[in-house]
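Colleague: just the structure for this:
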Amino acid sequence: MIEQSSNFGSVMIEALEGDIRGKFRRSGYTLTSQRKAVLDALEEVGGHPSAEDVYIAVKRKNPRVALGTVYQALSVLEEIGVISCKRWSESPARYDLNTAPHLDIRCTGCGRVSEVPGVEVGNLETEIQQNTTYKVRSARLVIEGLCPRCQRV
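Modeller: Purely as a prediction, here's the structure:
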């Protein structure tokens, strides 16, 4: 997916790709060329793109790809834990290659989603599970505000 010049970077990318291959192997799905193209597009676009953003990036390299194919690939990638999906009621779902626990903030003006640096999520799921009788499946916090660009408007 990514070419890195440093040894450290290439080792990190190889580990990430090995993890992805392992998730596919364990799930019973295969890493098809369409799914690989979607992963490459997610990496290329960066941030938290919508399905339409991913579709546009994939279409630049493969004009024959269908939007439905991109949605199906995103669904499988989310199902097996290669990507995460953030859903807000007022905006399209956003996809993220970063599946580690982290906080995201969404601009209520333009809908842009960004990661919040320097704030540790910690063991939120574990703490909730220890303090309730629930079996926690996931823990998500919704943080909203106005991005710098929308503040100027």
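Colleague: now the helices for the chain?
Modeller: For the chain, the helices defined by DSSP state H cover 7-27, 33-45, 51-61, 67-79, 124-131, 148-152.
Colleague: mind checking the pLDDT average for the shortest one?
Modeller: What that stands for is helix 148-152. The average pLDDT within helix 148-152 is 95.
Colleague: what is it packed up against?
Modeller: Based on contacts counted as 3 or more Cβ pairs under 8 Å, 6 or more residues apart in numbering; DSSP states H and E, there is no element that helix 148-152 packs against. Placement of C-beta: from N, CA and C, glycine included.
Colleague: CA atoms only for it, dumped as PDB, please.
Modeller: Coordinates of each C-alpha in helix 148-152 appear next as PDB, following Å, rounded to 0.1, in the frame of the first residue of the first chain:
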ATOM      1  CA  PRO A 148     -11.200  26.700  12.400                       C
ATOM      2  CA  ARG A 149     -12.500  27.300   8.800                       C
ATOM      3  CA  CYS A 150     -16.200  27.400   9.900                       C
ATOM      4  CA  GLN A 151     -15.300  29.600  12.900                       C
ATOM      5  CA  ARG A 152     -14.200  32.300  10.400                       C
END
